[in-house]
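Trainee: got a sequence here, can you model it:
(chains A, B, C, D, E, F, G and H)
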Protein chains: 8
Amino acid sequence: MDSNELKRLLEGVATGEISVERSLERLKHLPFEDLGFANVDHHRELRQGYPEVIFGQGKSIGQIERIMVALLDRGNNVLVTRLAEEQALALCARFPNACHHQDARCITVEQRPIEIVGRGTVLVISAGTSDIPVAAEAVVTARIMGNQVEQLFDVGVAGIHRLLARRELLQTATVLVVVAGMEGALPSVVGGLVDRPVIAVPTSVGYGASFGGIAALLGMLNSCASGVTVVNIDNGFGAGYAASLINRAS
Amino acid sequence: MDSNELKRLLEGVATGEISVERSLERLKHLPFEDLGFANVDHHRELRQGYPEVIFGQGKSIGQIERIMVALLDRGNNVLVTRLAEEQALALCARFPNACHHQDARCITVEQRPIEIVGRGTVLVISAGTSDIPVAAEAVVTARIMGNQVEQLFDVGVAGIHRLLARRELLQTATVLVVVAGMEGALPSVVGGLVDRPVIAVPTSVGYGASFGGIAALLGMLNSCASGVTVVNIDNGFGAGYAASLINRAS
Amino acid sequence: MDSNELKRLLEGVATGEISVERSLERLKHLPFEDLGFANVDHHRELRQGYPEVIFGQGKSIGQIERIMVALLDRGNNVLVTRLAEEQALALCARFPNACHHQDARCITVEQRPIEIVGRGTVLVISAGTSDIPVAAEAVVTARIMGNQVEQLFDVGVAGIHRLLARRELLQTATVLVVVAGMEGALPSVVGGLVDRPVIAVPTSVGYGASFGGIAALLGMLNSCASGVTVVNIDNGFGAGYAASLINRAS
Amino acid sequence: MDSNELKRLLEGVATGEISVERSLERLKHLPFEDLGFANVDHHRELRQGYPEVIFGQGKSIGQIERIMVALLDRGNNVLVTRLAEEQALALCARFPNACHHQDARCITVEQRPIEIVGRGTVLVISAGTSDIPVAAEAVVTARIMGNQVEQLFDVGVAGIHRLLARRELLQTATVLVVVAGMEGALPSVVGGLVDRPVIAVPTSVGYGASFGGIAALLGMLNSCASGVTVVNIDNGFGAGYAASLINRAS
Amino acid sequence: MDSNELKRLLEGVATGEISVERSLERLKHLPFEDLGFANVDHHRELRQGYPEVIFGQGKSIGQIERIMVALLDRGNNVLVTRLAEEQALALCARFPNACHHQDARCITVEQRPIEIVGRGTVLVISAGTSDIPVAAEAVVTARIMGNQVEQLFDVGVAGIHRLLARRELLQTATVLVVVAGMEGALPSVVGGLVDRPVIAVPTSVGYGASFGGIAALLGMLNSCASGVTVVNIDNGFGAGYAASLINRAS
Amino acid sequence: MDSNELKRLLEGVATGEISVERSLERLKHLPFEDLGFANVDHHRELRQGYPEVIFGQGKSIGQIERIMVALLDRGNNVLVTRLAEEQALALCARFPNACHHQDARCITVEQRPIEIVGRGTVLVISAGTSDIPVAAEAVVTARIMGNQVEQLFDVGVAGIHRLLARRELLQTATVLVVVAGMEGALPSVVGGLVDRPVIAVPTSVGYGASFGGIAALLGMLNSCASGVTVVNIDNGFGAGYAASLINRAS
Amino acid sequence: MDSNELKRLLEGVATGEISVERSLERLKHLPFEDLGFANVDHHRELRQGYPEVIFGQGKSIGQIERIMVALLDRGNNVLVTRLAEEQALALCARFPNACHHQDARCITVEQRPIEIVGRGTVLVISAGTSDIPVAAEAVVTARIMGNQVEQLFDVGVAGIHRLLARRELLQTATVLVVVAGMEGALPSVVGGLVDRPVIAVPTSVGYGASFGGIAALLGMLNSCASGVTVVNIDNGFGAGYAASLINRAS
Amino acid sequence: MDSNELKRLLEGVATGEISVERSLERLKHLPFEDLGFANVDHHRELRQGYPEVIFGQGKSIGQIERIMVALLDRGNNVLVTRLAEEQALALCARFPNACHHQDARCITVEQRPIEIVGRGTVLVISAGTSDIPVAAEAVVTARIMGNQVEQLFDVGVAGIHRLLARRELLQTATVLVVVAGMEGALPSVVGGLVDRPVIAVPTSVGYGASFGGIAALLGMLNSCASGVTVVNIDNGFGAGYAASLINRAS
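Mentor: This next block holds a predicted model:
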């Protein structure tokens, strides 16, 4: 039952064609999901400015292409994450206005200008150069969701002066995304320097007892700094998305 | 908005007091959960014969007592699981018609006779004597949910003839619950002997590399016998409950 | 010793050719497995309608072909699971009446019509599109075992309205197979909506802290909904098989 | 060296009492931490309204008492978390104006009124009754940090209608804290219903394969809903703290 | 059906009272377990000299007492393992001829002299003094099963000269049980010095990353010395039992 | 210093060429390993009949070839394990008298006849067809070490009658090697049927929660049957070697 | 055979009383451990100044007392680690010259003055106040082994300025022991500030996903700072001991 | 702000061009890292003789080349670790004075002679031939950092005489690096033979329950020998680096 059907039912009640009892019966068993579209619509309005997102990994180029076409038809911007080099190149050939973010392994198609909807700056920090793909994914995600984004890469805790030297930059951010592999200690240090929400992203960078990012993940979950929350290993997109929600919240 | 309110709204439409548009608007945003009670009611009817269940562990005697009183007032039978000896005794003192199933660490209060609603027999098998508390919990649960229940205890795989000697009993069951700790091999053997659903229950019985039931759990998940499904470690209640659903399904 | 030998022995006793003592001696040491074939036969009868199943993974095309020929000679239908694309194509070339279920990575050969022996409907639900291969394996398995099967794909918990919109479909099933990767939360939600047995299948879909399906597996084992049982990670076949046993049980 | 010393040094340079070279030498080796107090002071100002927090677990009553006295002397409000019943009672006897939050296992001393500094509402949701201590800790923390806090308890995914019925409440929050044990599925469902930051708190509630909260933790890290970040097992304080930072961020 | 019934049946066939067909029918369905007792008897004979064994942990004193009485009535010797001090004392009070092996946490009752049935010597070696309870359990087990047993304690690898000094003793054993906690390296060193079967027993001795014996267990499973096999953590009984089987095998 | 040097030293003492003090000094610091060759020789004698063994995995064909030449020059038989197909073929081309055991992924070169030195029969049992490579490695190892070897493959616990049908074969073995993947339950069942040492070999056969053999390994370590010891995952060689030591022990 | 016997043997050779052959024979089988005492003695000399150490945990007061008496008789100083309060008090009552290090859970008996044998200073740093017992154990160990020891406690990474403020102290140490629980990030930061060996000690301080110190342990093993090595969880003694060896090495 | 700027500022104060207040203001907010270069310089001086190090794994040949050029321009020696064969060959073609350490998977460029700055000898020991790449990485690292390095390979604990035969070599080292896979027992044995710091390096050599080096790692962390510290799995570089710091410390 959609909005039109519902209107017809009520008109029937208004005209007496349908008794109160019968309409009550129908409405009682009305599947809420059909009414639900109202919520969905309202939802959609709130979401203006959000890109449509496709998780590229494990999908064929053909599949991604079809989904992109469908999404672009709705008029929104599109973000495709976790693309292998060859996937990205093939898609860029197909969508000439696509932008390939090589370090972030993403492509974006911006068919309407990105409107800045975030209140402040999202600062994305990474510990090592190997963490950059994940950090860059967070940057691309936060940008296309309408945020002012700054980045500060290669400031791992083993050379703490590199981070301390940028302390003022840290203070200017509304929300910080901190990306680190190996021992994952950077979010604790950053969390101790700022009074803003810190989203920690463990990466699978490391070897041996890093266990594909478990060491960094556990380190971040046990952070002695308050205000640090954590996302899944290598989940730069998730961190950028959560940072956007935080930066936008009004 | 409950059923009465909905009726008043529709009567207003019928009398013209409320316009179609305005009622449409209200109904569009009608929280489905209020209509939802119809489903809930229907649900409840289907559930006739099911006991109310309280997970006793971690609750004070006073808390359990209050919940029991509330549930008994609805007229249903009540099952309280995972009770320490002293909890059980205190509750039995308070509810004289309660039955204490010492081996199963449960009490039941049956204020109306249990109606057999299962189609066949639930057979609960356990490997060792230490697994009996979990197996007994499954037995008590399946019984109070309206099933014919048989039990076959202490037939572990290290003495396979004990199990084989009861092969006919195995064949008569509609669904089997198989409880085992240590290496948890019994469900595989049973699953190879019958063509019925087998619910495997790993127990925390063991020491050292049993890791509190992980060895048995993994063994059961990797069963080479088809038709074996698994519940959580020591979850006799869950197995008895699932067996009841299977036995009742029509 | 087979049935004929046993008969000859008894005839020898009847005619006095063999003394009671000597026959007693022989029978005492009679290997039960030879008598056991009676059970096996009975077993086989019960199993009518079950397909022969081959686990394709790790077998060469030649090996699978030889096993298929042998099984088909018994007159039964055949199901081969876990086939790589190239294995499946080679086998289809060899067995022209084979049907290739590409999404399920299976082939089936139905040399006699599938007789519906299940009492009701098996409903297979999957959370995400990446879970479809496992879900499809469950569908193919349940179908060839003689069940009416319905499927409901891509209804993950992050968009709960998609699932709620199909609540009536959920209510019509006799047994539900629920397939999910990542956090594996769907079986809990489904289990709370129905009063039927739910078989949960964790998949290895995910990355990082999904640990190849461990996150989903643990989630399902700890389901707060009663009546949920679990099979091994990615074990769509096992879930379809168990669902068939449940649906058939009389 | 503090600000005054630095001033005296520069005055010496200005008057020629100290040569440029000598002052250069001193400044080169100037411990930055002493200049750093400027930041620290600024920090403190930003932190106005934050309570002083003591982690009570593993400390003796005497130790906590001494720390409380010291902190109260600074004029701030004080929060003590993770207190056993007897610790809490002893401290309340000693500090008559302390408030004992029994369910949250905390005490607070509010020697100046809490000023609301958060922009919106922090909504704390919990799945089961056993999760309440952790949820209540988040509530107490967010409240004393100057937030409007709402709570919605016992709305686990196995009875999804309880949550859906409060969908409007969900929509009104600026940030949500979602607390769940066992399979930890609630944050995924909540995250799919709102467009706000969700902080997921796994609890150690459960048994067997919940492994002291690992199952819930992994479930939350693998959430299929975007915008969900995670804190340590049972870390209600951390979630309340992070929610406050998010709610306050300007 | 026991031996007598079988004889009666065959006599009926011999006399013609029972037809061949009817007896064939009965025998076909003859439960093998009843014929099986022949094997069992034969089994028992082989087992002469084996003690009856009770796993004491988790059993009440009353339960152990009842089982002991039952077992002693069969005329065999009895071994009770994993007894707490108070259990052992209570049982010794009840069974005056019981021998309490305090270091091994066992009691034995030897109502007939132990006959040496092993071909050579079982040598039990332990790494540290804390491993002695497990090693002593192996000693007591091997002794009561009829073996000549030697012991060599406190010869851990950190002081390798202690072990090397006893190299001749090592060479005289038929089978060696090597007990070690912490890194569990001793079996590798011993295995490299002898050409006899080595049974490695990891113990839960250690702290931190010993994880209750996992470190020692993994070390032993990965032994670079050939001929080393492993039993469960702290399973001195199992090692003593397996050593007895090896020493006895003819 | 070897035996000759030592002799020369003593002769120098005897002739007075070397003072007692100086020889004492030299002998005090005499590296014992040089004296040790006496033990080594003795060792070697004991080892007569043992093959030289090369672990092929991770070595180049050239490396293996060089080691083989060196070992063959000592006159012993040679066993090379864990060879990929192409490694094996290349080595067989180089050593025409080599025998390629394809299922066991081994080659052997027998330049002198294998003398049977074991007292009885080693029986190697495997659960599934996928476990055969590991079982075959155990067979080849035990054979070339001078044992009578029997094999019994594909008798997994899900079809327990296949195993029970061969019960007499089980009874004839002096030592049993039992190979199984998935839940690894077969050693427990076999261990309950025989009174001989059972060496359990977990295999990495399985998927999902088999975790590369961990499930089978844990199952075997927790075996409820006494007399079962365990080797590393997929370590067929180690099991065959240990079985040989047990079978030979005198 | 000790040094005197060896001398007598050689004198016999010199005088011709013992033939070269016979002495050769005796020396060939000379147990190396008897020659070995030379090394042992030399060893002992090197060890001058090392305390005798007793691991107190799991030992009775009587056992510790007996070992202490024996060790004190050799004239050395004694260190007893991991003592419960009541153990320590009882031992202090028995040994009036014992010193109870309450925070380190140790007692020491210094019957001869500690001679400083280390070349520089050992600096022991701890992250939080809960880590102090482990850090203090390292301090006590390093002191009694003859080192100048400095300590710097409560300088965790969440307040990095506390550590940076003491940078000069860090630079003065020859070797640093860094103790931390929770995320264990401190050694990485310290390791980045100094060019000296850093021994990292993870502690079991934390809760939830700290898993008894695993998080800290993994963090330290994956440290991005070079020159960091790690000891077992809570192993303050081991770190102090290794630091002493490093500080003393000449 | 660098040293020159700081001088100009102070000169301005001296000449009165800049007021005390203004310079105070500037200095208060002076980023400490700019003053910090003094420390950095001092640091650098200490570091004379240290090579620049590049972690090659995961970097493209082009990236490594660019970094090498940049580092070589500073005049230092360069070490590149974890290079695949093809990476190494390509870089050697580009840098003709590069030295390819094939077994260590490293290349070095020594543009100035290595000055021996270590006080004694670093001894690198490995258990098996498969551990050589990791051991060789430690050797190359320690050499280029200015140490006398000895190596002792293939002396695993299963043939303990090989190690004992070289006991004198062990005694001559100032610091020992001990590399082992499988059960990782070698560091315990070595640690018991010497009174020097031992750095243990677990390797990923092994299969099955070695779990990629976890078994060796745990074994080393639980070493019963005092003075053993541990680095990450396969971290030969880290061990060589830490050994250098220890050997150099004055």
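
Trainee: export the one helix or strand A:Val122 maps to as CSV, just CAs?
Mentor: Secondary-structure element containing A:Val122, defined by DSSP states H and E: strand A:121-126. Taking Å, rounded to 0.1, in the frame of the first residue of the first chain, the C-alpha atoms of strand A:121-126 are listed here in CSV:
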residue,chain,number,x,y,z
THR,A,121,37.8,20.9,10.0
VAL,A,122,38.4,17.2,9.8
LEU,A,123,42.1,16.5,10.4
VAL,A,124,43.4,13.1,9.1
ILE,A,125,46.7,12.1,10.6
SER,A,126,48.7,9.0,9.7
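
Trainee: following it, which helix or strand shows up next?
Mentor: Next element after strand A:121-126 (DSSP H and E): helix A:132-144.

Trainee: other SSEs contacting that following helix?
Mentor: Judged by 3 or more Cβ pairs under 8 Å, 6 or more residues apart in numbering or on different chains; DSSP states H and E, the packing partners of helix A:132-144 are strand A:78-81, strand A:106-109, strand A:121-126, strand A:148-152, strand A:175-180, strand A:198-202, helix A:236-248. C-betas here are computed from N, CA, C, even on glycine.

Trainee: what residues sit buried inside that helix?
Mentor: For helix A:132-144, a neighbour-count test (16 or more other Cβ atoms under 10 Å in any protein chain shown) marks A:132-144 as buried.

Trainee: what does it contact?
Mentor: If you take Cβ atoms under 8 Å, 6 or more residues apart in numbering or on different chains as the criterion, helix A:132-144 is touched by A:51, A:53, A:77, A:79, A:81, A:101, A:103-106, A:108, A:110, A:114, A:118, A:122, A:124-126, A:149, A:151, A:153, A:177, A:179, A:201, A:203, A:234-237, A:239-241, A:243-244, A:247.

Trainee: again, only this time at 6 Å
Mentor: Residues from elsewhere that reach helix A:132-144 (Cβ atoms under 6 Å, 6 or more residues apart in numbering or on different chains): A:51, A:77, A:79, A:101, A:103-106, A:108, A:122, A:124, A:126, A:149, A:151, A:153, A:177, A:179, A:201, A:203, A:234, A:236-237, A:239-241, A:243-244.

Trainee: filter those down to just the buried residues.
Mentor: A:51, A:77, A:79, A:101, A:104-106, A:108, A:122, A:124, A:126, A:149, A:151, A:153, A:177, A:179, A:201, A:203, A:234, A:236-237, A:239-241, A:243-244.

Trainee: and the angle from the strand holding A:Val122 to helix A:236-248?
Mentor: For strand A:121-126 against helix A:236-248, the angle by axes from the mean of the first three to the mean of the last three Cα atoms, to 10 degrees is 150 degrees.

Trainee: ok, now which ones touch the nearest residue to A:Ile114 once chain neighbours are set aside?
Mentor: In space, and not counting its chain neighbours, A:Ile114 is closest to A:Gly146: 5.7 Å by Cβ to Cβ, 6 or more residues apart in numbering or on different chains. Neighbour list for A:Gly146: A:49, A:114-118 [criterion: Cβ under 6 Å, 6+ apart].

Trainee: which of the residues you listed tops the neighbour count?
Mentor: A:Gly118 (23 neighbours; other Cβ atoms under 10 Å in any protein chain shown).

Trainee: helix or strand for it, which one?
Mentor: Using DSSP H and E, no helix or strand contains A:Gly118.

Trainee: do I have it right that it meets A:Met145?
Mentor: No. In this structure, A:Gly118 is not within contact of A:Met145 by Cβ atoms under 6 Å, at 7.8 Å.

Trainee: hang on, the earlier thing: let me have the buried residues of helix A:132-144 in JSON lines, adding pLDDT as columns.
Mentor: As requested, the buried residues of helix A:132-144 are exported to JSON lines (pLDDT from 0 to 100):
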{"residue": "A:Ile132", "pLDDT": "93"}
{"residue": "A:Pro133", "pLDDT": "94"}
{"residue": "A:Val134", "pLDDT": "97"}
{"residue": "A:Ala135", "pLDDT": "97"}
{"residue": "A:Ala136", "pLDDT": "97"}
{"residue": "A:Glu137", "pLDDT": "98"}
{"residue": "A:Ala138", "pLDDT": "98"}
{"residue": "A:Val139", "pLDDT": "98"}
{"residue": "A:Val140", "pLDDT": "97"}
{"residue": "A:Thr141", "pLDDT": "97"}
{"residue": "A:Ala142", "pLDDT": "96"}
{"residue": "A:Arg143", "pLDDT": "96"}
{"residue": "A:Ile144", "pLDDT": "95"}
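
Trainee: which one of those is nearest C:Ala225?
Mentor: A:Thr141 (33.8 Å; Cβ to Cβ).

Trainee: so what's that closest one closest to, chain neighbours aside?
Mentor: Using Cβ to Cβ, 6+ apart, the nearest residue to A:Thr141 is A:Gly240, at 2.9 Å.

Trainee: measure that neighbour to A:Val122 for me?
Mentor: The gap separating A:Gly240 from A:Val122 is 8 Å, by Cβ to Cβ, to the nearest Å.

Trainee: ok, now A:Gly12?
Mentor: 53 Å.

Trainee: how about A:Glu137?
Mentor: Distance from A:Glu137 to A:Val122, by Cβ to Cβ: 13 Å.

Trainee: please apply the same query to A:Met182.
Mentor: Counting by Cβ to Cβ - A:Met182 and A:Val122 are separated by 24 Å.

Trainee: go on, A:Gln111?
Mentor: 23 Å.

Trainee: break chain A down into its domains, please.
Mentor: Following automatic domain parsing, one finds the domains of chain A at A:31-109, A:121-249.

Trainee: need the pLDDT of the residue nearest to A:Ile114.
Mentor: On the pLDDT scale, A:Gly146 is placed at 93.

Trainee: where in chain A is the helix or strand with the lowest mean pLDDT?
Mentor: helix A:32-46 (a mean of 36; mean pLDDT, DSSP states H and E).

Trainee: so the one residue in chain A that gets nearest to chain D: helix, strand or coil?
Mentor: Of all residues in chain A, the one sitting closest to chain D is A:Thr229 (3.6 Å; Cβ to the nearest Cβ). With DSSP: H, G, I helix; E, B strand; the rest coil as the basis, A:Thr229 sits in strand.

Trainee: is A:Thr229 in a bridge, and if so with what?
Mentor: A:Ile199 (DSSP bridges).

Trainee: neighbours around it, how many?
Mentor: Neighbours around A:Thr229, by other Cβ under 10 Å: 34.

Trainee: for A:Asp131, same thing?
Mentor: 29.

Trainee: how about A:Gly184, phi and psi?
Mentor: phi 60, psi 40 (degrees, to the nearest 10).

Trainee: that one against A:Ile214, yeah?
Mentor: No. Using Cβ under 6 Å, A:Gly184 is not in contact with A:Ile214, being 9.7 Å away.

Trainee: quick one, which of these two is more surrounded?
Mentor: A:Gly184 (42 against 22).

Trainee: how close does the more buried one get to G:Met182?
Mentor: For A:Gly184, the distance to G:Met182 - Cβ to Cβ - is 12 Å.

Trainee: repeat that for A:Leu170.
Mentor: Per Cβ to Cβ, A:Leu170 is found 22 Å from G:Met182.

Trainee: between those two, which one's more packed in?
Mentor: Neighbours per residue, other Cβ under 10 Å: of A:Leu170 and G:Met182, the larger number sits with G:Met182, 33 against 20.

Trainee: what's that one in contact with, if anything?
Mentor: The neighbours of G:Met182, taking Cβ under 6 Å, 6+ apart as the test, are A:222, A:224, G:206, G:210.

Trainee: may I ask which two of the residues you listed are separated the most?
Mentor: Longest span within the contacts of G:Met182, Cβ to Cβ: A:Cys224 and G:Ser210, 10.5 Å.
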